[in-house]
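A.B. asks: sequence unknown, structure follows:
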Ligand SMILES: [Zn+2]
Ligand SMILES: [Zn+2]
């Protein structure tokens, strides 16, 4: 949610971000870190050599250091930077290196590439903006590790990685002007700092598979996935009223026995909740607005999807029954895992959930 708000806010312009060196030809990904929080103090450390650039109003001081420990604190709309040798006011600090540890209020990220910290003004007030610039490969490994758990079947992971790459393609500059995506569920989670070898192999395998919609010149990339579709997927038109190419409503029998296919949750019938319930459409209904309104009020673990089939009032509580988890658009993750366990390949899983899109293989494979 915070990230949504960040998107709408005016941010101070960041310092120029250097491209990350590497063999990849795809452009680097600018990832907004700690998007779910309001970072006001950051610690950067590295036991390996780094290049540190501290921008002040007058000059840029650039140094190559064998290791570093830097603190950056928001201070009245300014950036207060403390190094091992001095403390100064700055407009930006940029650290480049292969193993940079970034910590803020108990949260930790590891970055190979560069980190740019600037002061920012958001709806939450004055804070720091922390943007990592990393290769696409590293971003995709981090995103896949973050949106999966160990033991999930390999071909499902490959299919998910194709969608995550498409998400990046379709949403670059979502956090413009200074970042492409954030590390939170507002975009797709990218906060796991230790992607496994399996995850890295899945990202490499996904690089050989293309998923594009058929009707335009291949510039639209179907990319959505949600945890459980509740028996059939929905289209972006049904959920958000937006016509996006490459999606279909697909019947899915593969998530029936899995968590969240059907759910029931209760919350105390406070006057505030009662008011939202009174304004809801007649059940059964599909409404992202209802899910979000209840979620903001009592937490997002009560109404788990946009699909509510029944609302009952008893014992001083509202009981909500529904199906699926999340928005139900695109790949059903629970169903995709079932198919992979039954021996289906990633391309077949994608064809199942995106029958109107085109699945192809990169040249030479
Ligand atoms: Zn985001
Ligand atoms: Zn399903």
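C.D. replies: Nice, I can see it. Since this is a predicted model, take the numbers as computed values, not measurements. Ligands and ions are numbered 1, 2, ... in the order given.
A.B. asks: Centre of the chain to the helix or strand where residue 30 lies, how far?
C.D. replies: Element membership for residue 30 (DSSP states H and E) is strand 29-32. Relative to the mean C-alpha coordinate of its chain, strand 29-32 is positioned 11 Å out (C-alpha atoms, centre = their mean, to the nearest Å).
A.B. asks: same check, this time on stretch 344-359
C.D. replies: Distance of stretch 344-359 from the chain centroid (C-alpha atoms, centre = their mean) equals 22 Å.
A.B. asks: hmm, back to that, would you list the strands that the strand holding residue 30 pairs with, along with their directions?
C.D. replies: strand 125-134 (antiparallel), strand 181-182 (parallel) (DSSP bridges).
A.B. asks: Please see if the first one touches ligand 1.
C.D. replies: Meaning strand 125-134. No. Counting by C-beta under 5 Å from the ion, ligand 1 is not contacted by strand 125-134; separation bottoms out at 12.1 Å. Heads up, the C-betas are built off the backbone N, CA and C, glycines and all.
A.B. asks: Next, see if whatever helix or strand comes next after that strand gets close to ligand 1.
C.D. replies: Remark: after strand 125-134, the chain's next helix or strand is helix 136-146, criterion DSSP H and E. No. Against ligand 1, helix 136-146 shows no contacts by C-beta under 5 Å from the ion, the least distance being 11.8 Å.
A.B. asks: Give me the secondary structure label for residue 44.
C.D. replies: strand (DSSP: H, G, I helix; E, B strand; the rest coil).
A.B. asks: That one against residue 97, yeah?
C.D. replies: No. Assessed by C-beta atoms under 8 Å, residue 44 is found out of contact with residue 97, at 9.3 Å.
A.B. asks: that older thread, using JSON lines, lay out the strands paired with strand 29-32 together with mean neighbour count, mean pLDDT and distance to ligand 2.
C.D. replies: Below are the strands paired with strand 29-32 laid out as JSON lines (neighbours: other C-beta atoms under 10 Å; pLDDT from 0 to 100; distance: least, C-beta to the ion, whole Å):
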{"stretch": "strand 125-134", "mean neighbour count": "22", "mean pLDDT": "94", "distance to ligand 2": "32"}
{"stretch": "strand 181-182", "mean neighbour count": "25", "mean pLDDT": "98", "distance to ligand 2": "26"}
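A.B. asks: Could you report the neighbour count for the closest residue to residue 221 other than its chain neighbours?
C.D. replies: Take residue 221 and drop its neighbours on the chain: the residue closest to it by C-beta to C-beta, 6 or more residues apart in numbering is residue 166, 3.6 Å away. The tally of other residues near residue 166 (other C-beta atoms under 10 Å) stands at 23.
A.B. asks: Just say helix, strand or coil for residue 166.
C.D. replies: Per three-state DSSP, residue 166 ends up helix.
A.B. asks: That one and residue 225 touch, don't they?
C.D. replies: No. The pair residue 166 / residue 225 is not scored as a contact, 9.9 Å apart, by C-beta under 8 Å.
A.B. asks: that older thread, same question for the strand holding residue 30, mean pLDDT?
C.D. replies: For strand 29-32, the mean per-residue pLDDT is 97.
A.B. asks: which outside residues touch that strand?
C.D. replies: Strand 29-32 has contacts (C-beta atoms under 8 Å, 6 or more residues apart in numbering) with 3, 6, 17, 129-136, 138-139, 168, 175, 178-183, 190.
A.B. asks: Does it reach ligand 1?
C.D. replies: No. Strand 29-32 lies out of reach of ligand 1 by C-beta under 5 Å from the ion, never closer than 6.8 Å.
A.B. asks: Just checking: what are the partner strands of the lengthiest strand in the chain?
C.D. replies: Using DSSP state E to define each element, the chain has its longest strand at strand 107-122. Sheet pairing of strand 107-122 (DSSP bridges) gives strand 92-104 (antiparallel), strand 125-134 (antiparallel).
A.B. asks: and the ones you listed as a markdown table, adding distance to residue 114?
C.D. replies: Compiled in a markdown table, those are given as follows (distance: least, C-beta to C-beta, whole Å):
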| stretch | distance to residue 114 |
| --- | --- |
| strand 92-104 | 4 |
| strand 125-134 | 5 |
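A.B. asks: circling back to that earlier point, nearest to residue 104 among the strands paired with strand 29-32 would be which one?
C.D. replies: Closest to residue 104 of those is strand 125-134 (C-beta to C-beta; 7.2 Å).
A.B. asks: what distance separates that closest one from the centre of its chain?
C.D. replies: Mean-position distance between strand 125-134 and its chain equals 16 Å (C-alpha atoms, centre = their mean).
A.B. asks: quick one: secondary structure of residue 352?
C.D. replies: Classified using three-state DSSP, residue 352 is helix.
A.B. asks: which residue lies farthest from the center of the chain?
C.D. replies: residue 315 (37.9 Å; C-alpha atoms, centre = their mean).
A.B. asks: who touches that residue in this structure?
C.D. replies: Contacts of residue 315 (C-beta under 8 Å, 6+ apart): none.
A.B. asks: ok, so what distance separates it from ligand 2?
C.D. replies: Using C-beta to the ion, to the nearest Å, we find residue 315 at a distance of 32 Å from ligand 2.
A.B. asks: Please apply the same query to residue 26.
C.D. replies: When residue 26 is compared with ligand 2 (using C-beta to the ion), they lie 31 Å apart.
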